[in-house]
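Participant: I'll drop the sequence and a predicted model, then ask my questions.
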Amino acid sequence: MSATCDVLVVGGGVTGLSVALHLALRKFGRIQVLERHYVGAGQSGRAAGIIRSTVRHAGLSRWQTESAQSFRSLGEQFGEPIPVHPAGYLLATDRDHSASVDAAIQVATSTGCQVSRIDARQANDLQPGLRSDDRTIFAFEPGAVHLDPMTATQTLARIARTLGVEIVEGCEVRTLEVAGPMVRVATENGTVESPVVLLGTSCWMPLQMDRFGQPMPVRPHRAEMGFFQVPARSDRRLQRIVSDATSGIYLRPDGSDQMFVGWREGDWVKSLADCVAQDPDHCRQTAEFSTVRRMHQALSTTLPWMRDGFVHRTFACTYDYSPDGVPILDRLDGPAGVFLAGGFSGGGFSLSPFVGRTMAEYIDTERRPDDIAELSWQRFRDGQAIQWSNN
Ligand SMILES: Cc1cc2nc3c(=O)[nH]c(=O)nc-3n(C[C@H](O)[C@H](O)[C@H](O)COP(=O)(O)OP(=O)(O)OC[C@H]3O[C@@H](n4cnc5c(N)ncnc54)[C@H](O)[C@@H]3O)c2cc1C
């Protein structure tokens, strides 16, 4: 660990690493990343890794498209290709939501995303064995992809190291203190001083912000997910990223005969009051049995042939929710440069290349890029929460 640097990034997840990488591309100077555990140990290693642009917010839709392209280009740009699975995104929802789906399609289409309504027969051709009834409507985004999130995060770390970034694992930041134009950071391995610090610590960020006397409007929210195995004698497979508003789950293929299943949290987390609070350092790291049972029931609704499938393994960790479910990309007032990128609300993997590019520009030029003008944390104080929806 170096005792001084030009920018210190706290947190070795996909956010911190992407910012570090983009700062290195800008030749910002000596860049150091401190991660208290191993790279990807937080949410980044556990995400579904889905990137899709069907969102009813033009910025979010465009930024996702940028991010998918950025992950695809890692091979060409840095000689570090990662598998990007072009599964496409299939949405199934109740016809009562058709106006909302059409609005999301209209916004996404206006940003260049290809997505359209399809009928039940087309949906079943795309994903054989998908439930359908006369109340369900479908939409499909063929360009949506999924990636293994840990591979992506570790690859960003490898590229950043190649570009000269120092990444120190097993180094917890304990306190941060602004001392004139510098930030003094006490870690378990000694002290670091830097004029610029970027906090990329997701659900742990509120702890650090409290030390600056600036309570962070981000809440921890329990996340549970399961990997399910197809029935032994079935020749059916999950082929698409599927999101089913009726059963309340989303899923994507995992290897040849498993699938990742998570909850569509946004359907019911409408404000911070809906979050299921948990201490990210002291929580059960696997799903509760009741969750596994409900998840399997939901999965059997979406894909009736999965009734005979079984849960293979589960994980649990902690989301970092912001009041409107959209990230906060900002800088604290004061002489030292304290920047933060958090509140990703379950969507930070797919935004990370965009976040890396824009936050590196913000740090380097000291001017907030127009792209992230609306992502300040003052928006909550000023009644400017972002209006958007998944569909
Ligand atoms: C089940 C699930 C599914 C998801 N699916 C998707 C998806 O499909 N698409 C999508 O876009 N997003 C998804 N997400 C969200 C996405 O994973 C996160 O938004 C993203 O990974 C956040 O990255 P991060 O780097 O900000 O945070 P993290 O990956 O949590 O990284 C923060 C890091 O900070 C470190 N840290 C904390 N405190 C300290 C300290 N004091 N000192 C040093 N280091 C510290 C932690 O150890 C951690 O490694 C999902 C999340 C979950 C839980």
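Facilitator: Yep, it's here.

Participant: if I look at residue 387, how far off is the ligand?
Facilitator: For residue 387, the distance to the ligand (CB to the nearest ligand atom, to the nearest Å) stands at 20 Å. Using the backbone N, CA and C atoms, a C-beta is placed for each residue, glycine as well.

Participant: helix/strand/coil for that residue?
Facilitator: Secondary structure for residue 387, judged by DSSP: H, G, I helix; E, B strand; the rest coil, is coil.

Participant: can you list the residues of the stretch 151-300 of the chain near the ligand?
Facilitator: 172-173, 200-202, 204, 223, 225, 262 (CB under 6 Å from any ligand atom).

Participant: go with 8 Å
Facilitator: 153, 171-174, 187, 200-205, 207-208, 223-225, 250, 252, 260, 262 (CB under 8 Å from any ligand atom).

Participant: so residue 355 is in which element?
Facilitator: Using DSSP states H and E, residue 355 maps to helix 348-365.

Participant: of all the residues in that helix, which ones are buried?
Facilitator: Within helix 348-365, the residues that count as buried by 16 or more other CB atoms under 10 Å are 348-364.

Participant: same question for stretch 179-186.
Facilitator: Buried-residue list, stretch 179-186, by 16+ other CB under 10 Å: 182-185.

Participant: show me where the stretch 51-200 of the chain has strands.
Facilitator: Ranges of strands in the stretch 51-200 of the chain, per DSSP state E, counting those that start in this stretch, are 84-85, 89-94, 116-118, 136-141, 145-147, 166-168, 173-179, 182-187, 190-194, 196-199.

Participant: which of those strands sits most buried?
Facilitator: Mean neighbour count, computed with mean count of other CB atoms under 10 Å, is highest for strand 196-199 among those, reaching a mean of 26.

Participant: right, and the helix or strand after it?
Facilitator: Next along from strand 196-199, by DSSP H and E: helix 205-211.

Participant: please enumerate the helices of the chain.
Facilitator: 14-25, 58-72, 74-78, 98-110, 120-126, 149-162, 205-211, 289-302, 348-365, 378-381 (DSSP state H).

Participant: how about the helix or strand of the chain with the lowest mean pLDDT, which residues are buried there?
Facilitator: Every helix and strand of the chain was ranked by mean pLDDT, DSSP states H and E. The lowest is helix 205-211, at a mean of 82. For helix 205-211, burial by neighbour count (16+ other CB under 10 Å) applies to 205-206, 208-209.

Participant: would you turn these into CSV with distance to residue 163?
Facilitator: Formatted as CSV, the buried residues of helix 205-211 follow (distance: CB to CB, whole Å):
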residue, distance to residue 163
205, 25
206, 31
208, 26
209, 29
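
Participant: and those residues, which two are furthest apart?
Facilitator: 206 and 208 (7.5 Å; CB to CB).

Participant: not counting sequence-adjacent ones, nearest residue to residue 13?
Facilitator: Leaving out its chain neighbours, the residue that sits closest to residue 13 by CB to CB, 6 or more residues apart in numbering is residue 44, at 3.9 Å.

Participant: how near is the one you found to the ligand?
Facilitator: The spacing between residue 44 and the ligand, counted by CB to the nearest ligand atom, is 3 Å.

Participant: list the contacts of the residue nearest the centre of the chain.
Facilitator: The residue lying closest to the centre of the chain (CA atoms, centre = their mean) is residue 348, at 2.3 Å. By CB atoms under 8 Å, 6 or more residues apart in numbering, the contact set of residue 348 is 13-15, 43-44, 47, 202, 320, 327, 355.

Participant: which among the residues of the stretch 151-300 of the chain next to the ligand count as buried?
Facilitator: Looks like those have 153, 171, 173, 187, 200-205, 208, 223-225, 250, 252, 260, 262 buried, using 16+ other CB under 10 Å.

Participant: between the buried residues of helix 205-211, which is closest to the ligand?
Facilitator: For these, the minimum distance to the ligand (CB to the nearest ligand atom) is 6.6 Å, reached by residue 208.

Participant: OK, contacts around that closest one?
Facilitator: The contact partners of residue 208, taken as CB under 8 Å, 6+ apart, are 10, 173, 176, 199, 201.

Participant: ok, now residue 227?
Facilitator: Residue 227 neighbours (CB under 8 Å, 6+ apart): 254, 258-261, 311-314.

Participant: any idea how far the closest residue to the ligand within the stretch 201-350 of the chain lies from residue 341?
Facilitator: Residue nearest to the ligand within the stretch 201-350 of the chain: residue 348 (2.4 Å; CB to the nearest ligand atom). Distance, residue 348 to residue 341, by CB to CB, to the nearest Å: 8 Å.

Participant: now do the shared contacts for those two.
Facilitator: Joint contacts of residue 348 and residue 341 (CB under 8 Å, 6+ apart) are 15, 327, 355.

Participant: hang on, the last one packs against residue 326?
Facilitator: No: contact criterion CB atoms under 8 Å: residue 355 and residue 326 do not qualify, at 11.9 Å.

Participant: ok, back up a step: how far out from the middle of the chain is the least confident helix or strand of the chain?
Facilitator: 20 Å (CA atoms, centre = their mean, to the nearest Å).

Participant: and stretch 34-41, by the same measure?
Facilitator: 16 Å.

Participant: circling back to that earlier point, out of the helices of the chain, which one sits most buried?
Facilitator: helix 14-25 (a mean of 28).

Participant: so it versus helix 348-365, what angle?
Facilitator: Interaxial angle, helix 14-25 versus helix 348-365 (axes from the mean of the first three to the mean of the last three CA atoms, to 10 degrees): 40 degrees.
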